[in-house]
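> Need the 3D shape of this:
(chains A and B)
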Protein chains: 2
Amino acid sequence: MPAAQRADVVVVGAGLAGLTAARALAAAGLDVAVVEARDRVGGRTVNHDLGDGQVVEAGGQFVGPTQNRVLALATALGIATYPTHDRGARVYVHNGRARRFTGDVMPDPAALPGLALTILRVDRLSRQVPLDAPWRARHARRWDAVPFASWIRHAGAGRGALDLVDVFLASGFGAPATEASLLYALWYIAGMGDERTPGTITRGIATTGGAQEARFVGGSQSLSTTMAQALGDRVTLGAPVRAIEQDASTVTVRSEGRTWIARHAIVALPPALAARIAWTPLLPPQQDALFQRMAFGTLMKCEAVYDEPFWRDDDLSGQGVFRSGSPLCSTFDNTPTSGHPGVLMGFLGGQQWRTWSGRSARERRGAVLRSFAQVAGRRALHPRGYFEQDWTSEEWTRGGPTSAIGPGVLTTLGEWRDRPFGRVRWAGAEHANHWNGYMDGAVRSGEAAARAVLDQED
Amino acid sequence: MPAAQRADVVVVGAGLAGLTAARALAAAGLDVAVVEARDRVGGRTVNHDLGDGQVVEAGGQFVGPTQNRVLALATALGIATYPTHDRGARVYVHNGRARRFTGDVMPDPAALPGLALTILRVDRLSRQVPLDAPWRARHARRWDAVPFASWIRHAGAGRGALDLVDVFLASGFGAPATEASLLYALWYIAGMGDERTPGTITRGIATTGGAQEARFVGGSQSLSTTMAQALGDRVTLGAPVRAIEQDASTVTVRSEGRTWIARHAIVALPPALAARIAWTPLLPPQQDALFQRMAFGTLMKCEAVYDEPFWRDDDLSGQGVFRSGSPLCSTFDNTPTSGHPGVLMGFLGGQQWRTWSGRSARERRGAVLRSFAQVAGRRALHPRGYFEQDWTSEEWTRGGPTSAIGPGVLTTLGEWRDRPFGRVRWAGAEHANHWNGYMDGAVRSGEAAARAVLDQED
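Predicted coordinates:
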């Protein structure tokens, strides 16, 4: 048995949150150890190698205005952004018909007025939700008692509006509006902004001007690999943490055959996975009960690789919105900044994941490529490569992109989300108020956890 | 490292489900090993020692008509039942007033019509839910889209009816009606019967004639201890299972330093805990996603011990229903069959658990005793003993009594609940269709899992 390794702070999880925390602590002169289960860093961000030095993102990838903390981190790391390809027509698919459109007005006159009304009302209500304590909203109990979907339905917005909200949530929550409480949804939307700018749905769903505006040169995972490189041998890979013990003065973190002892721990894992660690003493029952109720969304990404982004020549953006008839909810032109190879990416999440994840890979590939063809033309049926990244199948993630919380939970257990447990603090995209479930949320949570540890050390 | 132990079947969890399965398999001549994390058997049933050879139940305890399988098991084990004390007046507490009543008609004229209507409609709708496949109900999608609470509210049954449903669910689900989908609730109620007798709410909530009708002589845990005794050294205690591996022919179950290898495994754990085991290969993502969405209810039992059940002399049953003003939702006379000492038991669950579990033990004890005094008279304020059993704090349970499932889940992932995973089958009170979350459900699930293994062995 090797001797226990000692540190001031041990960080569990080398995703964006954990590495951001470790970087801040190391910069402040603390001795940090980062323990990661996977043989790579980056958590829910991962680069897929396309050969010839090209990569494409298979996890979290987009960044946009008000996502200041991840943008500041990228600047500090010397990682540039470039605009997501957003020229040319989009395609809207419903009832077996694919129709081009430009601008933001989808060609669905039956659904649009209801959707516009829903967006207007949701944005307005979301301003009444205190980001750091949604359970204190004046109507918190009422809003927490109903699913977001029920509220949309009762608001008379119509079936189309609900369908389209579900399209957005399939990639945003990895779950339909039925699974999230209205209070959770309003809070999530309120967080799609920064300290000065209130959140709006529009910012969440837009490409240019919104959360899908830009990408990182070299792929989003490079944020993590760059941080890990600087942290050097402070980062240990391939070490799944199985047990965490603590007493009044120390935290002991145990992987298989290795042990770290520190004054503080930052656990930067999805709550569902954090609860699977063997804790001594046990997690407080309220915190365990909350983490049990933070089920991960269900999401995979499907990507097809072509010699060139041929659709650009046809004045197509590669962006599609599928109200029905596809395993995908939306697609994007995911071509790297070099302009080749051409890549189309589709989100397969929420309800569609439930329907499609159990089917054969062949059947799914066929349906996904047919959807790509609706968006980009028939040449899309014949990619030179195709891959899927199913985040629910990843042992050290088991879902994506975040944990939408159902009715009744936020108002009764929500305050336990970030509450320190003895010498343990929490980080990760679920532990953020701004841009929850996004890379920016992960960075914010890591910064906050590091700050809290430093405050305590003073 | 001791050699791996070999068996035909390894059963993980020595609660009622696991032991019932092991007993059936051993009776069929198979070589069975039962691996239990705790240093006792019985899972969610546990006897509390009152001294002088008297015990009282601190977990699942009641049994009633149509709970045929647990009753048959008791008969086979030579364990008798005796009626729950059900003579004298009950007490109804609301708005600061405690009122005696007899029969089933609670003295709340404002709430009763709505409650009666709700019961009638729920019972009727529940007949439309196929017990073994609730997602096939004609209106399954609609019923799964809303919380049970929303449906009650929209049915115009009034605030009182919802309050009283929540009183029942606090001990039935360990969660308020907000957290369960209507479809789940209808399915749960449909299961409160047997193969010949449709389930009804009334059977679920009644004492005489219902699910609280009787208790087991020697306490409910004696079912498990008796089975474990017969299984002898086939049962290993104090061995938390941390990992389960399987290939085409064997299952390997690993505790800390011990290993079992078998042809089949039956995992008889609450789903939330089963998902915390390290699985190789991983649990299918759909099953993991479902188990993530089967959060355990939050429930504790509070019991006070007196020299005698003095309330009986005042013609009080010890049974109370608290619509408001108490940490408890309901109380029972929990005196052992010998008639002494006198014991009052209260359920503190669901919403009330969220409110009260974080307060000081002293404050909670005071409030619970004041509730007991409303039900049994002022002498209840001065017990000779008082104890609480908080099932959410138990490392190897982490909640109680079952996992109410929220909107959107049953119709999309429900079919994964009992689906065998390779050579692993599932058991436990959550894996039952009749009397889900009850001892009878646990026994049924254990019998079914054993039967499935035996069928496969043939």
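
> tell me which parts of the stretch 351-458 of chain A are close to chain B?
When proximity is defined as CB under 8 Å from any CB of the partner chain, the stretch 351-458 of chain A approaches chain B at A:351, A:354-355, A:357-358, A:390, A:392-393, A:395, A:398-399, A:406-409, A:412-413. The way it works is simple: take the backbone N, C-alpha and C, and place the C-beta from them, glycine included.

> List the single closest residue to A:Arg38 in space, sequence neighbours excluded.
A:Trp396 (5.3 Å; CB to CB, 6 or more residues apart in numbering or on different chains).

> same thing with A:Gln374?
Spatial nearest neighbour of A:Gln374, chain neighbours left out: A:Ala98 (4.0 Å); criterion: CB to CB, 6+ apart.

> go on, A:Arg138?
A:Gln128 (6.3 Å).

> residues in contact with the one you found?
A:137-139, A:186 (CB atoms under 8 Å, 6 or more residues apart in numbering or on different chains).

> The residue of the stretch 101-250 of chain A found nearest chain B: neighbour count?
Closest approach between the stretch 101-250 of chain A and chain B, counting by CB to the nearest CB: A:Thr178, at 3.7 Å. Around A:Thr178 sit 30 other residues, with neighbours defined as other CB atoms under 10 Å in any protein chain shown.

> Can you give me the neighbour number for the residue nearest to A:Gln374?
17.

> How is chain A divided into domains?
A:5-43+A:220-294+A:405-457, A:47-62+A:83-87+A:212-216+A:297-393, A:108-205 (automatic domain parsing).

> Check whether A:Asp39 really touches A:Leu237, as I assumed.
Yes - counting by CB atoms under 8 Å, A:Asp39 touches A:Leu237, with 5.1 Å between them.

> quick one on the thing from earlier: got a quick ChimeraX command for the buried subset of the contacts of A:Gln128?
The following ChimeraX line selects those of these that are buried, judged by 16 or more other CB atoms under 10 Å in any protein chain shown:
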select /A:137,186
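
> Could you dump the contacts of A:Gln128 into a markdown table with pLDDT added?
Formatted as a markdown table, the contacts of A:Gln128 follow (pLDDT from 0 to 100):
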| residue | pLDDT |
| --- | --- |
| A:Ala137 | 98 |
| A:Arg138 | 98 |
| A:His139 | 98 |
| A:Leu186 | 98 |
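
> Surely A:Arg451 and A:Ala24 touch.
Yes - A:Arg451 is within contact range of A:Ala24, at 7.4 Å (criterion: CB under 8 Å).

> picking that back up, so who does the residue of the stretch 101-250 of chain A closest to chain B touch?
A:Thr178 sits in contact with A:147-150, B:144-145, B:407-408, where contact means CB under 8 Å, 6+ apart.

> In helices, which of those fall?
Filtering these for membership in helices, criterion DSSP state H, returns A:148-150, B:144.

> residues in contact with the residue nearest to A:Arg38?
By CB under 8 Å, 6+ apart, A:Trp396 lies in contact with A:37-38, A:43, A:240, A:273.

> Those residues: which two are farthest apart?
Between any two of the contacts of A:Trp396, the greatest separation by CB to CB is 13.5 Å, found for A:Gly43 and A:Pro240.

> out of these two, which sits in the busier spot?
Between A:Gly43 and A:Pro240, counted using other CB under 10 Å, A:Gly43 has the larger neighbour count: 30 against 16.
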